[in-house]
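Novice: Need the 3D shape of this:
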Amino acid sequence: MTDKTAFAKFRTTAAQEIAGYDGGKPATPFTSTRWVASSLLQKAIRRGHLPAARQAGRFLLEGKREHLFRRLNGIAAEDIGLGDIQTMAITAACLTSAKVRRELGGDVIVTDYLIRRMVNARKSRAADDLLMVVERWPELSGDRSRFFTMPNCRLRQIVLGCPSLERRALALWLLVGTERCPSQYLPRRKGSPDMAFATLADLGVAPTLLTITRENFTKTATMLSPFVALLSLENGVAGTGVADDPIPVATVINGIPSWAFDMHTRPGRTALGRLLLRNAGMSAWAATSLPRTGRIQIAGELLFRLEGQCLHRRSAGPVSIGLQKRWEVDCSGLPLDSLIFGMAALRDAMYELDAIRGEVVAEGAS
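Specialist: The predicted structure follows:
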């Protein structure tokens, strides 16, 4: 199947599904910032919360259109991936150009359709878990320095022949180049995306999947879609069934679920800082386990583990479960007892955190 034929197939599916779509109720108006809207969109898709996802999507469409399209492609690779590869493919096919979107009914109809499809999709975060393991797993520390000095041809050999998934992923990232897909944990390197995708083809990635991930890659600046392609060769990434992750109870703040205010938003960071000062358990954990600088970032990563990455309809096989555990435990940068203490303290403090989030939003932080 050629690239053109593959995308025609997915666009035809989208056109047929859009034709049978009645539009639903109007999206609720949204008043906040681009950063809160972006967080709300992604987390609402993860949690299967359609009204909130549509609300955020319409806000971004009106003010940050190109950002929304990049974000949707990013979410498709990060949170859906091999859980529902057809949804990832349809997202890439619908967002290739303004002309395609016009032919399918226009930006409003296409983005609303994609958001609905993504909300209902089976989900897998394996590609993002693999990305974070490559960046931070202590067992790769020597390889990060050693692989950086290797020529592209040697990195290609590692991708093709190394038995370790994590080391193949590291070599693939450096082969793509951190100039194209930057990371604060990896040194700057030019690389060759064309050679990297040719290597994935030689490795045995299916041509249609390679087309999907390459198109996604052209619209984003991350390694998520190449890692989806790499993971497609592993048995046990997606599971045979689905399950919903346990989700902490949330409150609504000015019409917005409290979980939208994460560490990537100004109110979320401010609230985490106050929680570390006010809550006895979090304050004690910070004093005994954390350096003086970077405490909000570390607390925010724990919050992501507890609240931010929760999925509706997670499809996880043994490989996905192993990657998630490796990221959550081995890549935390904390001793296990400190990680357990911090997670327990944060879990107990969630009600107070939501109250502080409301306080910060009421003060006008944006």
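Novice: Just the helices from the stretch 251-366 of the chain, written as ranges.
Specialist: According to DSSP state H, counting those that start in this stretch, the stretch 251-366 of the chain carries its helices in the segments 266-278, 280-289, 295-303, 318-325, 336-348, 350-362.
Novice: quick one: which of those helices is nearest Asn120?
Specialist: Of all the helices of the stretch 251-366 of the chain, it is helix 318-325 that lies closest to Asn120, at 19.6 Å by C-beta to C-beta. Every residue, glycine included, has its C-beta placed from N, CA and C.
Novice: Return the alpha-carbon coordinates of that closest one using PDB.
Specialist: Once non-C-alpha atoms are left out, helix 318-325 reads as follows in PDB (Å, rounded to 0.1, in the frame of the first residue of the first chain):
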ATOM      1  CA  PRO A 318       3.200  -6.900  30.000                       C
ATOM      2  CA  VAL A 319       5.600  -4.600  28.000                       C
ATOM      3  CA  SER A 320       3.500  -1.500  28.800                       C
ATOM      4  CA  ILE A 321       3.100  -2.400  32.400                       C
ATOM      5  CA  GLY A 322       6.900  -3.000  32.800                       C
ATOM      6  CA  LEU A 323       7.700   0.400  31.100                       C
ATOM      7  CA  GLN A 324       5.200   2.300  33.300                       C
ATOM      8  CA  LYS A 325       6.600   0.700  36.500                       C
END
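Novice: Which residue ranges make up the domains of this protein?
Specialist: 3-120, 126-231, 252-362 (automatic domain parsing).
Novice: What count of nearby residues applies to Ser332?
Specialist: Using other C-beta atoms under 10 Å, the number of residues around Ser332 comes to 18.
Novice: Tell me who's in contact with the spatially closest residue to it that is not a sequence neighbour.
Specialist: The shortest distance from Ser332 to any residue other than its chain neighbours is 5.0 Å, reached at Leu339 (C-beta to C-beta, 6 or more residues apart in numbering). Residues near Leu339 by C-beta atoms under 8 Å, 6 or more residues apart in numbering: Leu302, Val329, Ser332.
Novice: Include mean pLDDT and distance to Pro246 when you put the domains of the chain into CSV, please.
Specialist: Below are these laid out as CSV (pLDDT from 0 to 100; distance: least, C-beta to C-beta, whole Å):
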stretch, mean pLDDT, distance to Pro246
domain 3-120, 92, 12
domain 126-231, 97, 18
domain 252-362, 96, 7
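Novice: of these, which approaches Gly241 most closely?
Specialist: With C-beta to C-beta as the criterion, Gly241 lies closest to domain 252-362 of the domains of the chain, at 7.3 Å.
Novice: Could you dump the domains of the chain into a markdown table and include distance to Val242?
Specialist: Compiled in a markdown table, the domains of the chain are given as follows (distance: least, C-beta to C-beta, whole Å):
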| stretch | distance to Val242 |
| --- | --- |
| domain 3-120 | 8 |
| domain 126-231 | 14 |
| domain 252-362 | 4 |
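Novice: out of the ones you listed, nearest to Asp245?
Specialist: Relative to Asp245, the nearest member of those by C-beta to C-beta is domain 252-362, separated by 4.3 Å.
Novice: And that closest one, end to end?
Specialist: Domain 252-362 stretches 13 Å from its first residue to its last (C-alpha to C-alpha, to the nearest Å).
Novice: same thing with stretch 244-253?
Specialist: End-to-end distance of stretch 244-253 (C-alpha to C-alpha): 24 Å.
Novice: going forward can the numbers begin at 24, since that is how I track them
Specialist: Got it, the first residue is 24 from now on, which makes the last one we talked about stretch 267-276.
Novice: what comes up buried for that stretch?
Specialist: Within stretch 267-276, the residues that count as buried by 16 or more other C-beta atoms under 10 Å are Asp268, Pro271, Ala273, Ile276.
Novice: what are the ranges of the helices in the stretch 74-223 of the chain?
Specialist: With helices called from DSSP H, counting those that start in this stretch, the stretch 74-223 of the chain shows them at 88-98, 108-117, 121-126, 130-143, 149-159, 164-171, 175-184, 188-199, 216-226.
Novice: Indicate which one of these is closest to His335.
Specialist: Between His335 and the helices of the stretch 74-223 of the chain, the shortest separation by C-beta to C-beta is 7.7 Å, and it involves helix 130-143.
Novice: What residues sit buried inside the closest one?
Specialist: For helix 130-143, burial by neighbour count (16+ other C-beta under 10 Å) applies to Asp130, Val133, Thr134, Asp135, Tyr136, Leu137, Ile138, Arg139, Arg140, Met141, Val142.
Novice: how many degrees apart are that helix and helix 88-98 in direction?
Specialist: Between the axis of helix 130-143 and that of helix 88-98 there is an angle of 20 degrees, by axes from the mean of the first three to the mean of the last three C-alpha atoms, to 10 degrees.
Novice: who touches helix 130-143?
Specialist: Applying C-beta under 8 Å, 6+ apart, the contact partners of helix 130-143 are 37, 40-41, 44, 46-47, 50, 64, 67-68, 71-73, 76-77, 80-81, 84, 88, 91-92, 95, 98-99, 102-103, 110, 113-114, 117-118, 121, 124, 127, 335-336.
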